[in-house]
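Novice: mind looking at a prediction? Sequence and model below.
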Amino acid sequence: MRLALLTHEPLHPPTGGGSAEALYLAREFVRRGHDVHVFCPAVPEAERLERDLGVRLHPFTLWRMGRYASLRSLKYLLYPLFLERLVARVARETRFDLLFSQHAISAVAAGRLKRRLGAALVMNQLDYLTGFMETWPAWLMPRPLLALLMRYELSLPRRFGADRVLTVSDALADRVAATGFPRERIQSVYYGYDSALFPFDAAAVAARGDDPPVVVMHGSFDHHHLGPIALEAVAHVRAERPDTVFRFVGQPTDTLRSFLEAARKRGAGGGVECPGFVPYREMARHLAGASVGIVPYEASAGVHCAFVAKVVEYLALGLPVVCTALEGIQRYFPDEPLIRYARFEGGHFGEQILAWLRTPLAERRKMSAPASLRVARELDWNVICRRAADAVEDAQAAHNRGPTRESRDLPMNHAG
């Protein structure tokens, strides 16, 4: 089939979060013999990337996109309109059999194009984007507006009559189904990692020590990543173990800078390392020597629907994990010995970190290999992408057979 892959993130290089997946999906689609056209923000060395992947790139160039771009939220709101126009312009000469959207932002454009192009539509919902905004200050995201946006995002599959919806977690799948979208056309594919870039190294695990303890976190550092829970946890740990080093690996955002200043005022700002942004290919070496990996997310609908990449990558390296009680992660890993879940309270989160540091190193090492083997078996990108591509091909076949009664009953509101 000829497939249009729509995304609001550059195809390469990955910048974190869901951005890593699109590259592996494109490779899997090409491997299966499909003609893949990628509509995304401009990327460096586009011609070389096209040759290496075997895809056709159609870059969006009206303004700079990216999770660290200025006026990001406004650009995200406007992007679907202009992305729709870009795809429609190409579609005048190139007929697409299927539209595949990454994230809710591109799902708006793909949904509006579905009937216009007569193509099948698969929405890959990698998060509940507006749900994360529950942790934003009210002055930045007024609550009545947020409630409207959250309902709109969950309604996208039903609103546009998607042929199939892929979700990043069972928690998100349940919320999409609750809007009335047929549950049998929703499939959780979860979120993966590249086992070649995050290899389990038994020698490195054996060499880990707590002299000093290193607690690591990596990511994009938005409001939901570093809030009161993380701040109280750092203070709690350093009060008992002042030698503990906290390493924050990622772009030095305003949120990270504010967090570090708040920690300094609490008297807990010592022993902090901030290496800055690290390319995806190099992340493992910044994590592998740590004692504990943390996910101190604040509670929101967004984080409960997430399948946090951090957790998967920590487990791949055999790192003990402390994570707030996120629904999506707990449902997939209810009994993983290498994860300790904390209440959404900074003191309790800090105590779980200390509990790992009190656990003898030999016990931690014993848990590492089984956890790493499980995520390699179940969540390597090759596994995730095969699962997703199977669902896409099934959706295309069903589309070719004609609409089911359920799909005829779904509304098609292109006005949004």
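Specialist: Yep, it's here.

Novice: neighbours of the nearest residue to residue 276 once chain neighbours are set aside, how many?
Specialist: Spatially, and ignoring its direct neighbours in sequence, residue 276 is nearest to residue 252 (6.0 Å; CB to CB, 6 or more residues apart in numbering). Backbone N, C-alpha and C define where each C-beta goes, glycine included. A count of nearby residues for residue 252, using other CB atoms under 10 Å, gives 15.

Novice: I'd guessed residue 252 sits against residue 273; true?
Specialist: No. In this structure, residue 252 is not within contact of residue 273 by CB atoms under 8 Å, at 12.0 Å.

Novice: list phi and psi for residue 247.
Specialist: phi -110, psi 120 (degrees, to the nearest 10).

Novice: list the contacts for it?
Specialist: Contacts for residue 247 (CB atoms under 8 Å, 6 or more residues apart in numbering) come out as 214-217, 272-275, 286, 290.

Novice: of the residues you listed - the most surrounded one?
Specialist: Going by other CB under 10 Å, residue 215 tops the contacts of residue 247 with 26 neighbours.

Novice: for it, which three-state class applies?
Specialist: For residue 215, the assignment made with DSSP: H, G, I helix; E, B strand; the rest coil gives strand.

Novice: with residue 267 instead?
Specialist: coil.

Novice: show the contacting residues for it.
Specialist: Per CB under 8 Å, 6+ apart, neighbours of residue 267: residue 235.

Novice: for it, give its distance to residue 239.
Specialist: 9 Å (CB to CB, to the nearest Å).

Novice: just residue 126 next, same as before
Specialist: 37 Å.

Novice: higher neighbour count, these two?
Specialist: Neighbour tally, residue 126 and residue 239, criterion other CB under 10 Å: the higher count belongs to residue 126, 25 against 13.

Novice: can you verify my assumption that that one contacts residue 168?
Specialist: Yes. If you go by CB under 8 Å, residue 126 and residue 168 touch, sitting 4.9 Å apart.

Novice: specify the beta-bridge partners of residue 99.
Specialist: Beta-bridge pairing of residue 99, defined through DSSP bridges, involves residue 4, residue 121.

Novice: that one: neighbour count?
Specialist: 28.

Novice: got it, and residue 330?
Specialist: Around residue 330 there are 17 residues (other CB under 10 Å).

Novice: quick check: which element contains it?
Specialist: helix 327-332 (DSSP states H and E).

Novice: may I see the buried residues of that helix?
Specialist: Under the neighbour-count criterion of 16 or more other CB atoms under 10 Å, helix 327-332 has 327-330, 332 buried.

Novice: format those residues as TSV; extra columns: distance to residue 60.
Specialist: TSV is the format used below for the buried residues of helix 327-332 (distance: CB to CB, whole Å):
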residue	distance to residue 60
327	34
328	30
329	32
330	37
332	33
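
Novice: ranges for the helices of the stretch 51-200 of the chain?
Specialist: Using DSSP state H, counting those that start in this stretch, the helices of the stretch 51-200 of the chain run over residues 72-91, 103-117, 143-160, 170-177.

Novice: turn those helices into a markdown table, columns for mean pLDDT.
Specialist: Converted to a markdown table, those look like this (pLDDT from 0 to 100):
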| stretch | mean pLDDT |
| --- | --- |
| helix 72-91 | 88 |
| helix 103-117 | 94 |
| helix 143-160 | 94 |
| helix 170-177 | 97 |
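
Novice: right, so of those, which gets closest to residue 311?
Specialist: helix 170-177 (14.1 Å; CB to CB).

Novice: the closest one to helix 143-160, inter-axis angle?
Specialist: Angle of helix 170-177 versus helix 143-160, following axes from the mean of the first three to the mean of the last three CA atoms, to 10 degrees, is 80 degrees.

Novice: any residues touching helix 170-177, and which ones?
Specialist: So helix 170-177 is contacted by 125, 127-128, 154, 157, 165, 167, 183, 186-188, 301, 304-305, 327-328, 331-332 (CB under 8 Å, 6+ apart).

Novice: put the alpha carbons of it into CSV.
Specialist: Written as CSV, here are the backbone C-alpha positions of helix 170-177 (Å, rounded to 0.1, in the frame of the first residue of the first chain):
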residue,chain,number,x,y,z
ASP,A,170,-4.5,0.0,28.3
ALA,A,171,-5.5,3.0,30.4
LEU,A,172,-5.7,5.2,27.3
ALA,A,173,-7.5,2.4,25.4
ASP,A,174,-10.2,2.3,28.1
ARG,A,175,-10.7,6.1,27.9
VAL,A,176,-11.0,6.1,24.1
ALA,A,177,-13.5,3.2,24.3
